[in-house]
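>>> Pasting the sequence and the predicted model now:
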Amino acid sequence: MRQFFTLIICLFFYNVSIAQIGNYQGKPHYLIDSYRAGIKIGTIEVEMYPSIAPKHVRNFDSLVTEHFFDTTAFHRVVPGFVIQGGDPNSKHGPKSTWGIGNPNQVNIPAEFNPISHQRGVLSAARDNDINSANSQFFICVAAATHLDNNYTAYGKVISGMTVVDNIVSSARDANDNPLQKIEMFVSKGIVDTSSCNNSPIIIQPENNFAGISANYLFKWNAVQGALIYDLEFATDSLFQNIVLRKSTAALSVAISELSPGKVKYFWRIFANNGGFKSPASITRTVYTGLDAPQLFLPLNASIGKSTQTHFEWAKVAKANSYRIQVCTTPAFTASAIKLDSSGITDTFFNYNFSLTNRKYYWRIASEVNGVAGINSSAIYFTTGSSTGIFQNQLLQIKQYPNPVNGTINFDCNNWAAQVKLLIYDSNGKLISIQILHPENNTISFPFNLPKGHYIYRVESGKAFSTGSIDAL
């Protein structure tokens, strides 16, 4: 009962002290006076980053306010790594308990951030539970980047690293405990009110950029004094529905968490100097993925297609590859997909289907750095003879010129006496039917259609050929 009552009192005073702190107007400094065997070694001055790890800074401040740290020890010294202290057991308890901590202490949720564990950085000690930090902290005496994103860094030594070096070089036992107790007394120093008024200037992407992939780098310029940069992504321009927050200490970052496909996002960025955030940058709009290509060949609902099928589609700006899927059902269920090929760098693809008289649905998606955008609407074709009109025969023809500006020509060694030429626009609409008679294995047709992309079908007896042409 006494332990429970003591815990209630501790929690009451802890919460009161937290409530008294409020929001910081800058980066608070603290002075850690260090003594070895009662003789002062020197003072370590640290600054804290409340705009990066506010819960940890407020916890530290509340402990300083109640003189919690006074007479606690730097109980762990590891040359080339850290000095660690702040355990209440190190005030009066046996050395064997130093570093174990008090189970009645209030724990602070992890606030992992991009501050790297470099020399001089102050960070929160914890056990295996990432949310178990409380009063113990450590100061890095050398780079310890393996701790990044696993421990909460929330401050840095501003002066007195020689004192830290003195402490870490202390004679120690097999458990890295100093042979002579090194006590600390912590008091409040100044508050660094240096502002962060300049917003980052975005370098890329440009506004309304489409084709953001998981590998695309968002870039911006450096802001003087900034420690990290905070990015926000939202589905509305007022940022009332923020779907992602990302922080980095670099000047560029790839965002892999955005939804693929043609999704619209609003984004902005802030500079953060540890005490303040800058005003937001200008807001820009981006789109993940790209528009789906327009499908050219085979034409929708075409029949009698050869099992050696030629697929063709329109080029999409900024796409560096495409993905094709062919399925026996319009739902594109996994079990019914017969072809799923990505990384196609051309705008055509040939594939040999094994079955005639089979209906297939096909669609294309644009890819950026291997990430597919939205799929096109599926269209279908049927292999072999589904009506008895066409047999599964292909004409071996040569078409020229392409692009065409005037007359279009087709050469073939086995024309029938009469040849039908069908011209479709890029949407698959039939716009011209011509009956032509070959001369010297060649048929010619004056092509006077407007500039654009067209699809042709040549029928000669029971054989046919399809392809596409561009008009200048």
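Okay, I see it. Numbers count the residues shown, from 1 in each chain.
>>> confidence score at residue 22?
Here the pLDDT value assigned to residue 22 is 44.
>>> I should have written residue 4 there, sorry.
So residue 4 comes in at 35 (pLDDT).
>>> In contact with residue 137, which residues are there?
Going by C-beta atoms under 8 Å, 6 or more residues apart in numbering, residue 137 touches 60, 84-86, 122-125. Every residue, glycine included, has its C-beta placed from N, CA and C.
>>> Farthest pair within these?
60 and 84 (14.4 Å; C-beta to C-beta).
>>> Out of the contacts of residue 137, flag the one nearest to residue 181.
Using C-beta to C-beta, the contacts of residue 137 come closest to residue 181 at residue 85, 10.7 Å.
>>> And for the closest residue to that closest one other than its chain neighbours, the neighbour number?
Take residue 85 and drop its neighbours on the chain: the residue closest to it by C-beta to C-beta, 6 or more residues apart in numbering is residue 74, 3.9 Å away. By other C-beta atoms under 10 Å, 30 other residues sit near residue 74.
>>> quick one: residue 74 is in a strand?
Yes - assessed with DSSP: H, G, I helix; E, B strand; the rest coil, residue 74 lies in a strand.
>>> Wait, it touches residue 83, no?
Yes - counting by C-beta atoms under 8 Å, residue 83 is a contact partner of residue 74 at 5.0 Å.
>>> Which neighbours do those two have in common?
Shared contacts of residue 74 and residue 83 (C-beta under 8 Å, 6+ apart): residue 167.
>>> how about the residue of the chain positioned farthest from its centre, what does it touch?
Within the chain, residue 417 marks the point farthest from the mean C-alpha position, 61.4 Å out by C-alpha atoms, centre = their mean. By C-beta under 8 Å, 6+ apart, the residues touching residue 417 are 437-438.
>>> so it is in which element?
Under DSSP states H and E, no helix or strand contains residue 417.
>>> Pretty sure residue 162 sits against residue 42.
Yes - at 7.0 Å, residue 162 counts as touching residue 42 under the criterion of C-beta under 8 Å.
>>> what are the ranges of the helices in this protein?
Along the chain, the segments classed as helices by DSSP state H run 2-21, 54-65, 89-92, 161-168.
>>> pLDDT averaged over the shortest one - what is it?
When pLDDT is averaged along helix 89-92, the result is 94.
>>> and if you look at stretch 95-107?
Per-residue scores along stretch 95-107 average to 92.
>>> re the thing from before, what's the separation between the residue farthest from the centre of the chain and residue 457?
To residue 457, residue 417 is 19 Å away according to C-beta to C-beta, to the nearest Å.
>>> Over to residue 230?
Counting by C-beta to C-beta - residue 230 and residue 457 are separated by 57 Å.
>>> Of these two, which one has the most company?
More crowded of residue 230 and residue 457, by other C-beta under 10 Å: residue 230, with 22 against 19.
>>> how about low-confidence regions in the stretch 1-150 of the chain?
Residues of the stretch 1-150 of the chain that meet the criterion pLDDT under 70 lie in 1-23.
>>> Specify which member of the contacts of residue 137 is nearest to residue 139.
When the contacts of residue 137 are compared against residue 139 (criterion: C-beta to C-beta), the nearest one is residue 122, at 5.3 Å.
>>> Skip the chain neighbours and tell me the closest residue to the closest one.
Using C-beta to C-beta, 6+ apart, the closest residue to residue 122 is residue 155 (3.9 Å).
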